[in-house]
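Asker: Got a sequence here, can you model it:
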Amino acid sequence: MRIDLAGYGLGSSGLTTQQVRQALEEAELIITSERLAGYVRNLGRTDAGCTEEILIETNSSEICRILEDTAYDSVVCLMSGDSSFYSGAAPLVTCIEQSPRLRERNAVIRILPGISSLSYACSRLGLSFRQVEVFSAHGRSCDPVRAVMNGKKSFFLTGGDTTCAKLCGELTRAGLGELKVTVMENLSCADERIRTMTAAQAAGKRFDPLSVLIADAAYVSADLRRGVPGIPDEAFARGKVPMTKRLVRVSALSLLNPSSGDLCWDLGAGTGSVSVELSARCRRVISVEKDPAALALLRENKERFGAWNMEIVKGEIPEVLSQLPYPDRIFVGGGGRWIRAVLDDASQKCAEGRKKPAVLITAVTLETLQEAVSALEEHGYETEIVQAAVTNILRQGQFHMMHAHNPVFLILGSDG
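Answerer: Numbers count the residues shown, from 1 in each chain. Prediction:
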């Protein structure tokens, strides 16, 4: 039994490869979607003696059941675009390989590629694959804000509830409304449409469901692109608002150890120095602050560094916590006076079996240190305590003098 997992292409019959055409002509059974079934019938069949049956199904498990029950020896499972590019081929291969009945029939799988939307879109815009980063928002979560911070154009496959307009709405809300985007509808078809506009303009429009989105790279400062944390203190807009200094910040980030998929809270964000550094290392940062002067600095530093995945929330802690999504990492700066309320909120949101968020608290007094350790241990955390004592050497006349900063305690709570 031969099973071909074939990519039809984008919709235009002129872009269907000869290999896929031949497989369709030889097939006794074709399994495909409702949309592609019409295209297949329009292709025509050159072999008048062959058997043709077209079944409509896109679910991998159901397709596998059809394959197990069919008596045909030549089957094509036809998919849109390229069968090796964000298609249903991979899960279907797994289903087929795990089927004892298909193994008994010595089923042989062939994957026949088609022309992908990425390939066609890049050719239409004069781009090479090296100039774009690819993201699928078709049936999976996708963060367009973090995507456009990667230094390349971002190519988004859309589908279902995740439309081009929705992605552009997220960009606009993050402060990227002026970012240039290109929406490409019905690629290769007679009603193909390609339009370039701002993200804010696209957020208010309706597009055909068969669309892809290409967004320009957003501005991100050289400081934020650094692979190593430790942006100089003088690079931040500061005013009179307290700020976590550079070497303490580096130590805190090392202990908190965020990853690229994490959602982080920065509570009592101040100038946003920690939030900015986190934005380069995690998916999203929620910066909570109540002071008007600090909020103005947060917004200024977000734009100064291009930390677009920072979401600034104005409000009192702990009142605002119930509005926030569950975090993977929590940074509590400027002491831990609300640490019990923070941990209580995280515990309430933590679903059974889910790992508790890592928590990093800074403290400058012994009382705050004691309160933080007690609260973390009461909530089942393992604690690690580091004291950071930073001393700068400054020139004064002909001499170099020590200029010591107050020691800072870093208290890490981890879930084992």
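Asker: so what's the residue most central in space within the chain scoring on pLDDT?
Answerer: Note on the chain: the residue nearest the mean C-alpha position is residue 143, at 3.9 Å, using Cα atoms, centre = their mean. The predicted local confidence for residue 143 comes out at a pLDDT of 93.
Asker: you'd agree it is up against residue 283?
Answerer: Yes - at 5.7 Å, residue 143 counts as touching residue 283 under the criterion of Cβ atoms under 8 Å. Where C-beta positions appear, they are placed from N, C-alpha and C, glycine not excepted.
Asker: what's the overlap in contacts for the two?
Answerer: When contacts are counted by Cβ atoms under 8 Å, 6 or more residues apart in numbering, residue 143 and residue 283 have residue 309 as shared neighbours.
Asker: Going along the chain, name the strands of the stretch 51-200 of the chain.
Answerer: Taking DSSP state E, counting those that start in this stretch as the test, the strands found in the stretch 51-200 of the chain are 54-56, 74-79, 108-112, 132-136, 153-157, 180-185, 193-198.
Asker: Residues touching stretch 234-249, excluding its own?
Answerer: Stretch 234-249 is contacted by residues 223, 229-233, 252, 270-274, 276-277, 291, 293-294, 297, 300-301, 304, 333-334, 362, 388, 390, 405, 408, 410 when judged by Cβ under 8 Å, 6+ apart.
Asker: count of neighbours near residue 284?
Answerer: Using other Cβ atoms under 10 Å as the criterion, residue 284 is surrounded by 21 other residues.
Asker: Okay, and the beta partners of it?
Answerer: Counting by DSSP bridges, residue 284 forms beta bridges with residue 263.
Asker: got the contact list for it?
Answerer: Listed by Cβ under 8 Å, 6+ apart, the contact partners of residue 284 are 143, 145, 146, 263, 264, 309, 311.
Asker: Looking at those, which is nearest residue 182?
Answerer: The shortest gap between residue 182 and any of the contacts of residue 284 belongs to residue 145, at 17.7 Å (Cβ to Cβ).
Asker: Test my guess that the closest one contacts residue 171.
Answerer: Yes - checked against Cβ under 8 Å, the pair residue 145 and residue 171 is within contact range at 6.2 Å.
Asker: which of those two has more neighbours?
Answerer: The neighbour comparison of residue 145 against residue 171 (other Cβ under 10 Å) goes to residue 171, with 27 against 21.
Asker: How much space separates that one from residue 137?
Answerer: Residue 171 sits 12 Å away from residue 137 when distances are taken as Cβ to Cβ, to the nearest Å.
Asker: Among the contacts of stretch 234-249, name the buried ones.
Answerer: Listed as buried from those are 223, 229, 231, 252, 270-274, 276-277, 294, 297, 300-301, 304, 333-334, 362, 388, 408, 410; burial here means 16 or more other Cβ atoms under 10 Å.
Asker: ok, back up a step: out of the contacts of residue 284, which one sits closest to residue 28?
Answerer: For residue 28, the nearest member of the contacts of residue 284 is residue 143. The distance, counting by Cβ to Cβ, is 44.1 Å.
Asker: pLDDT below threshold where in the stretch 251-400 of the chain?
Answerer: By pLDDT under 70, the low-scoring segments of the stretch 251-400 of the chain are 334-336, 351-353.
Asker: how about 90 then?
Answerer: Scanning the stretch 251-400 of the chain for pLDDT under 90 picks out 318, 322, 333-338, 344-355, 364-365, 388-400.
Asker: could you pull out the strands for it?
Answerer: Listed in chain order, the strands found in the stretch 251-400 of the chain under DSSP E, counting those that start in this stretch are 263-267, 284-289, 310-314, 329-332, 358-363, 382-388, 391-396, 399-404.
Asker: Name the surrounding residues that touch the third one.
Answerer: It stands for strand 310-314. Strand 310-314 is contacted from outside by 174, 269, 272, 275-276, 279, 284-290, 295, 298-299, 302, 320, 323-324, using Cβ under 8 Å, 6+ apart.
Asker: That strand pairs with which strands?
Answerer: strand 284-289 (parallel).
Asker: ok so, going back, including distance to residue 243, could the strands of the stretch 251-400 of the chain go into CSV?
Answerer: Formatted as CSV, the strands of the stretch 251-400 of the chain follow (distance: least, Cβ to Cβ, whole Å):
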stretch, distance to residue 243
strand 263-267, 12
strand 284-289, 12
strand 310-314, 15
strand 329-332, 13
strand 358-363, 12
strand 382-388, 15
strand 391-396, 15
strand 399-404, 17
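Asker: domain ranges for this structure?
Answerer: The chain breaks down by automatic domain parsing into domains covering 2-115, 118-215, 222-414.
Asker: residues near residue 397, how many?
Answerer: Around residue 397 there are 6 residues (other Cβ under 10 Å).
Asker: Likewise for residue 259?
Answerer: Here the number of neighbours of residue 259 (other Cβ under 10 Å) works out to 10.
Asker: can you pull the contacts of it?
Answerer: The contact partners of residue 259, by Cβ under 8 Å, 6+ apart, come to 281, 282, 328.
Asker: which of the residues you listed tops the neighbour count?
Answerer: For the contacts of residue 259, the largest neighbour count, defined by other Cβ under 10 Å, is 21 neighbours, found at residue 282.
Asker: My guess is it contacts residue 265. True?
Answerer: No - between residue 282 and residue 265 there is no contact, the gap being 10.6 Å when judged by Cβ under 8 Å.
Asker: who touches both of these two?
Answerer: Between them, residue 282 and residue 265 share these contacting residues under Cβ under 8 Å, 6+ apart: residue 329.
Asker: Quick check: closest non-adjacent residue to residue 299.
Answerer: Nearest non-adjacent residue to residue 299, counting by Cβ to Cβ, 6 or more residues apart in numbering: residue 312, 6.3 Å away.
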